[in-house]
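Novice: Sharing a model prediction with you, sequence too.
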Amino acid sequence: MPRICNSTVQEDVSKELDIQGAVAKVNIVSSVSEITAYRRMPWWLWWNVLSLDAPLVAVSWQWMLATVFDVSVPIGCYLLLWMAVWCVYVADRVLDSFAMDQNATTLTTARHAFYFSHRASMIRLVLPILLVISGWLVLFHAPLVLIERGLVLTFMVGLYLLHYAGYTSRTVYRLGNLLALCFGLWLIWKGPLTATLAVADHLFWRQTFFSGLPVSQILWSAGLALMAIAAWRGWRLRTMRSIPKELLCGLFFSLGCVLGVHYYSLDEVAAPVSLASLLLALMAGLNCIGIACLEQQSDAQTDSLAITQNWPKVSKRYGLILAGSLGFLLALRWQFQAAADQRVLLTGSLLAVTAMAVIHMTSKKLPLELPRVLMDMALLVPPFFVWWMVG
């Protein structure tokens, strides 16, 4: 009897090992097939996989604002915006790929597969080329004031990338925060923010004990230093990522689009705090939330900071969010019925949000990746509407 039991146990163990080996082979095959899936994807998906959708929307929105407000924007400004947005989105997706190393078998989108498979080429070749071209455009096609404002926005976008995408790689996160500290200190003490913070000190501290001291500069510098120390020591900075990344992405995208138009209008229209900027931020934010809802399953493995992972009910209430946004835009449309330029922007925004609502309602009937592409195409509705009105 003991021999029979031992042989039975050995057979069970061998069967279990065979099963585990088969599962491992299935996982490897699944991983390889998913990583190479982009080679069989349809042509209309490439503009999303190559991150060309975001710069196209940004340049189209800049043209729309310049047309609506009758501002002459040079071609160099359009090219610079294209390259800057392209760099940011490629960098963001490269950083996202670091979070996929331990979840390679769960990749579900062509975008994830492409950047996971080509991360080394993106870091060594593509990103340096994009940065060199962007630097050339900055040096030879951008005025000094626009460069200074762009540096401030670049700093904010860099912090966003570090804390919402780069935190998964310890090396990237540490070195990135160290560079952000150095760059931020320069902005605060010797760069574009020096004069702004001096004005803030004069307004808030002139009748206090701290009058005459660079209080704002000291506080901001201390905050950056604390952030760098926390990143280097591996402290958890979850509170810094409490704001949904989709809302921040919409805000920064909007600021980038209005930056050039605001400067070339001599700071008269399309200010960072204006109705135009608010409308762009609203559309971009709704677009990001909609995409997060479409990719909720894949984000569960690859993006723990997506809004649908922290607030799962958002995916079920996205339709209500769009309906509320439509009501808000209709109220603004009625309020600004006397201003022609505001009326055109509001109408275009209404059409874009309506298109997002239609895509959201029909997404389950469409091919897997198509709703995500259509969500981005919905952002091209306002520029197309302005083009149709002008034509």
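Specialist: Arrived safely.
Novice: Give the buried residues for stretch 65-81.
Specialist: Leu65, Ala66, Thr67, Val68, Phe69, Val71, Val73, Cys77, Tyr78, Leu79, Leu80, Leu81 (16 or more other Cβ atoms under 10 Å). Yep, even glycine has a C-beta here, placed from its N, CA and C like the rest.
Novice: Would you confirm that Leu346 contacts Leu332?
Specialist: Yes - contact criterion Cβ atoms under 8 Å: Leu346 and Leu332 qualify, at 5.6 Å.
Novice: So for those two, which sits in the more crowded spot?
Specialist: Neighbours per residue (other Cβ atoms under 10 Å) separate Leu346 from Leu332, with Leu346 holding more: 24 against 19.
Novice: Does the more buried one lie in a helix or a strand, and which?
Specialist: helix 340-362 (DSSP states H and E).
Novice: Only C-alpha atoms, please: export that helix in PDB.
Specialist: C-alpha atoms of helix 340-362 as PDB (Å, rounded to 0.1, in the frame of the first residue of the first chain):
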ATOM      1  CA  ALA A 340     -20.200  86.000 -32.000                       C
ATOM      2  CA  ASP A 341     -16.800  84.500 -31.300                       C
ATOM      3  CA  GLN A 342     -17.900  82.900 -28.000                       C
ATOM      4  CA  ARG A 343     -21.100  81.600 -29.700                       C
ATOM      5  CA  VAL A 344     -19.100  79.800 -32.400                       C
ATOM      6  CA  LEU A 345     -16.800  78.200 -29.800                       C
ATOM      7  CA  LEU A 346     -19.700  77.100 -27.600                       C
ATOM      8  CA  THR A 347     -21.600  75.600 -30.600                       C
ATOM      9  CA  GLY A 348     -18.500  73.700 -31.700                       C
ATOM     10  CA  SER A 349     -18.100  72.400 -28.100                       C
ATOM     11  CA  LEU A 350     -21.700  71.300 -28.000                       C
ATOM     12  CA  LEU A 351     -21.300  69.300 -31.200                       C
ATOM     13  CA  ALA A 352     -18.100  67.700 -29.900                       C
ATOM     14  CA  VAL A 353     -19.700  66.600 -26.600                       C
ATOM     15  CA  THR A 354     -22.700  65.400 -28.500                       C
ATOM     16  CA  ALA A 355     -20.500  63.300 -30.700                       C
ATOM     17  CA  MET A 356     -18.800  61.800 -27.600                       C
ATOM     18  CA  ALA A 357     -22.200  60.900 -26.200                       C
ATOM     19  CA  VAL A 358     -23.200  59.100 -29.400                       C
ATOM     20  CA  ILE A 359     -19.900  57.200 -29.400                       C
ATOM     21  CA  HIS A 360     -20.300  56.200 -25.800                       C
ATOM     22  CA  MET A 361     -23.800  54.900 -26.400                       C
ATOM     23  CA  THR A 362     -22.800  52.800 -29.400                       C
END
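Novice: Number the chain from 14, please
Specialist: Will do, 14 is the new start, and the previous item becomes helix 353-375.
Novice: Now find how far off-centre it is within its chain.
Specialist: 21 Å (Cα atoms, centre = their mean, to the nearest Å).
Novice: Which one of the buried residues of stretch 78-94 is nearest to Gly298?
Specialist: Of all those, Leu78 has the smallest distance to Gly298: 17.6 Å, by Cβ to Cβ.
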